[in-house]
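Chemist: Got a predicted structure plus its sequence, pasted below:
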Amino acid sequence: MAGRIEDYALIGDMQTAALVCRDGTVDWLCLPRFDSHAIFAGLLGTEEHGFWRLGPAHASDAPPPTAARRSYRGDSLILESEWDTPRGTVRVIDFMPPRDGAPQLIRIVEGVSGRVPMRSTLRMRFSYGRVVPWVHKHEGRTVAVAGPDSVWFDTEAETYGKSLTTYSDFTVAPGERIAFTISWEPSHKQPPALPEPEQSLEATEDFWREWVEHCTYHGPYREAVIRSLITLKALTYAPTGGIVAAPTTSLPEDIGGVRNWDYRYTWLRDAAITLSSLLRTGYREEARAWREWLLRAVAGDPENLQIMYGIAGERELGEAELDWLPGYENSAPVRVGNGAAHQLQLDVYGEVTEALHLAHMTGLARNDYASLLQLKLIRYLEDHWDEPDEGIWEVRGPRRHFVHSKVMAWVAVDRTIKLIESGDADGPLERWRELRDDIHRDVCEKGYDKERNTFTQSYGSKELDASLLLIPQMGFLPPDDKRVIGTIEAIQRELSTPDGFILRYPTEGEHEGVDGLPGDEGAFLACSFWMADDLAMIGRVDEARKLFEKLLSLRNDLGLLAEEWDPVRQRQVGNFPQAFSHVPLIDTALRLTASGAYGG
């Protein structure tokens, strides 16, 4: 069985990523891209669906030993895991070098003390565990081939095949280093170049050190911020600038339930807020690349703006179920693709416009087409802002007039007005000022419950929604407005878990709720960070700091967060690691640092 979600480490090359468990098992890897088929899908099934374990040898009827220690090497994505065994101590170094040719996953075994018997167990299964490849030798190298894919396995250690699995048994002494590499190449092409593990390790460490040096944040939460930034960089598809929401699919929001989705795509919302965090910490090149990706993806067609695209701008992300995979801890179905791609979510126009506005305000070189796109988005919103939509959470129930969607439509108009007022674009200024006022009035009249002194999830509803916490952060109302304070306090009362974290909205257990799905979910970590932000904005800075530091304690030992926290099981749930959790972590750290609201 796969490990707990928080037992995994992320390694990647900014085109794809692997998850490595505490016992040295790679249980998830898609090649050659984030959204390609997995060659190791044990995370969503069993060992029969593919894995690669590298660690101390153990009895076949015993569980593999877990590492006594693990950490990233400095500010990098190079994972180092150490095992203490009766015969000595051994270290395994796992990384994926930033790509210059074939994608590679490199694992270097290093003896620390004693003589430690080791075993590599490599079981490649293509097409998400469904296809057993043809494994054979080619000019001394081991290659696995199935259809369009080939994976090349290189090591100086002796290998042998048994039960459709490739093994290597060896002993490592102090100072000895033995490398193992898998490389992907289209099966019709020539073999990839022989790997150079030591040189690749040095180059990978240099890459991350140089990248981190650009960070402009030097506050008290620097360790958490840097790790989150590295994670966001790892989720960026380098060839295009697209940013995936997470490198996994179908890790459940409700263990054993059906809330399992594929996050290996670029949500405009997630990418826009990621861009915001990168810009605020000094990373303008990533912002420029994402803006270019956006302009290509939208391609002058804002009337058909999708909420998400493929990492190269693909529009068709058809959803399917992989019925041969039982799912993570039997959470089925396992889904690939995402049927929400064609939903109407009006808030996306606000997030995209806010990102373009921030890029403009931070001095990113002007792009005339970006300004033209912004104007086109507003012209579309003029005719559609007052329609019901599926909202930020992609509900699969009926469309509603979600308050957050209307607020973000207001943001889109407001930021475009600012663009025109700055002299960098032309547009019907007075007409759009009236539009901005109309949207604001509509929200305050129809989305506000006077009796309870709180905004609500949608017009006429009684339910609350954590996305309402963004009202002061987006400037829709000032933080000291009584309606803002009332909303914050209502969400604390009605959407808090016993340990003080925030749910997105009410769910109905086994009954179908507002989102059209049965089952419950954990506390949504982004919403809990938003609460900390709001508390700081209304002057409750000590409370904000305590909540923020409590959230930091939920990170795994490597500083990584999934989408949600299960308050009953006390564990992380949802796709992992999740950009939508790490972005607000950075934003809240910046806000608390600016306010001086931190301990020590």
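Modeler: Right, received. Where do you want to start?
Chemist: drop to CA atoms for contacts and neighbour counts, all remaining ones
Modeler: Fine.
Chemist: Around the residue lying closest to residue 262 once chain neighbours are set aside, count how many other residues there are.
Modeler: Closest residue to residue 262 apart from its sequence neighbours, by C-alpha to C-alpha, 6 or more residues apart in numbering: residue 249 at 4.0 Å. By other C-alpha atoms under 10 Å, 23 other residues sit near residue 249.
Chemist: Give me the distance between residue 548 and residue 498.
Modeler: Residue 548 sits 16 Å away from residue 498, going by C-alpha to C-alpha, to the nearest Å.
Chemist: Tabulate the CA atom coordinates of stretch 46-59 in CSV.
Modeler: Output of stretch 46-59 as CSV, limited to C-alpha atoms (Å, rounded to 0.1, in the frame of the first residue of the first chain):
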residue,chain,number,x,y,z
THR,A,46,-0.6,-1.6,-5.8
GLU,A,47,3.0,-2.5,-6.5
GLU,A,48,1.6,-4.3,-9.6
HIS,A,49,1.0,-0.9,-11.1
GLY,A,50,4.6,0.2,-11.1
PHE,A,51,7.2,1.4,-8.6
TRP,A,52,10.9,1.7,-8.0
ARG,A,53,12.3,1.0,-4.5
LEU,A,54,15.9,1.6,-3.6
GLY,A,55,17.0,1.1,0.0
PRO,A,56,18.5,-1.4,2.5
ALA,A,57,17.8,-5.1,1.7
HIS,A,58,15.1,-6.6,3.9
ALA,A,59,13.2,-9.9,4.3
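Chemist: still on that earlier bit, the residue nearest to residue 262: what's it in contact with?
Modeler: Residues near residue 249 by C-alpha atoms under 8 Å, 6 or more residues apart in numbering: 260, 261, 262, 263, 264, 334, 335, 336, 575.
Chemist: any idea how far the third one is from residue 308?
Modeler: Pointing back at residue 262 there. Computed with C-alpha to C-alpha, the distance linking residue 262 and residue 308 is 12 Å.
Chemist: Those two: who's more crowded?
Modeler: The residue with more neighbours, out of residue 262 and residue 308, is residue 308; 28 against 23, by other C-alpha under 10 Å.
Chemist: what's around the nearest residue to the more buried one once chain neighbours are set aside, how many residues?
Modeler: Closest residue to residue 308 apart from its sequence neighbours, by C-alpha to C-alpha, 6+ apart: residue 267 at 4.1 Å. Here the number of neighbours of residue 267 (other C-alpha under 10 Å) works out to 21.
Chemist: what's the burial count for the residue lying closest to residue 236 once chain neighbours are set aside?
Modeler: Spatial nearest neighbour of residue 236, chain neighbours left out: residue 243 (4.3 Å); criterion: C-alpha to C-alpha, 6+ apart. When neighbours are counted by other C-alpha under 10 Å, residue 243 registers 34.
Chemist: mind checking pLDDT for residue 243?
Modeler: Here the pLDDT value assigned to residue 243 is 93.
Chemist: if I read this right, it contacts residue 309, doesn't it?
Modeler: No - the criterion here is C-alpha atoms under 8 Å, and residue 243 misses it with residue 309 at 9.9 Å.
Chemist: hey, what's in contact with both of those two?
Modeler: Shared contacts of residue 243 and residue 309 (C-alpha under 8 Å, 6+ apart): 265, 266, 267.
Chemist: So which of those is the closest to residue 317?
Modeler: Proximity of these to residue 317, judged by C-alpha to C-alpha, is greatest for residue 265, which lies at 8.7 Å.
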